[in-house]
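K.L.:
build me a model from this:
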Amino acid sequence: MTTAASTRIVFELSDYCPSCGVDVVDHLFRLGDVHGVNVDLAAGRVEVAYDAGRLDVRDLLVTIGGAGVMAHPARSWERARGQLTRVMEQDRRQP
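P.N.:
Sure thing, here's the model as predicted:
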């Protein structure tokens, strides 16, 4: 789903209907700089691969909201990102 220049984020969804998945995908791809979208309505999640140099999380949240769906970054993604950041900082400190 991702390319070399992609950043990946997972959002948890709320207040959505069965047809909302298509709307979310359409809205995100209209943004441009979105490389992939995977909607899992059964789990209430959407995974987005995007160019973080051109878009930020706020852009994605506003766009998902424009499709009529409430969303927020998944807690597991935030936790994983924090762990990855700590590991990368430790690697930089080692000679």
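
K.L.:
low-scoring stretches of the protein, by residue?
P.N.:
Under the criterion of pLDDT under 70, the regions of the chain flagged as low confidence span 1-4, 76-88, 90-91, 95.

K.L.:
the protein: strands as residue ranges?
P.N.:
For the chain, the strands identified by DSSP state E occupy 7-14, 34-40, 45-50, 70-73, in order along the chain.

K.L.:
partner strands of the shortest one and their direction?
P.N.:
Spelled out, that is strand 70-73. Looking at strand 70-73 with DSSP bridges, its partner strands are strand 7-14 (antiparallel).

K.L.:
please verify my assumption that Ala49 contacts Phe29.
P.N.:
No. With contact defined as C-beta atoms under 8 Å, Ala49 does not count as touching Phe29 (11.3 Å). The C-beta positions use only the backbone N, C-alpha and C, and glycine is treated the same way.

K.L.:
which neighbours do those two share?
P.N.:
Taking C-beta atoms under 8 Å, 6 or more residues apart in numbering as the contact criterion, the residues that touch both Ala49 and Phe29 are Val37.

K.L.:
looking at those two now, which is surrounded by more residues?
P.N.:
Under the neighbour definition other C-beta atoms under 10 Å, Ala49 and Phe29 were set side by side, and Ala49 has more, 18 against 14.

K.L.:
how close does that one get to Ala67?
P.N.:
Distance of Ala49 to Ala67, computed by C-beta to C-beta, to the nearest Å: 17 Å.

K.L.:
where's the residue nearest the centre of the chain relative to Gln94, distance?
P.N.:
In the chain, the centroid-proximal residue (C-alpha atoms, centre = their mean) is Ile9; its distance is 3.1 Å. Computed as C-beta to C-beta, the Ile9 to Gln94 distance reads 28 Å.

K.L.:
ok, now Phe11?
P.N.:
In this structure, Phe11 and Gln94 are 34 Å apart, going by C-beta to C-beta.

K.L.:
and what of Cys17?
P.N.:
50 Å.

K.L.:
ok, the two, which is more surrounded?
P.N.:
Looking at Cys17 and Gln94 with other C-beta under 10 Å, you find the greater number of neighbours at Cys17, namely 10 against 5.
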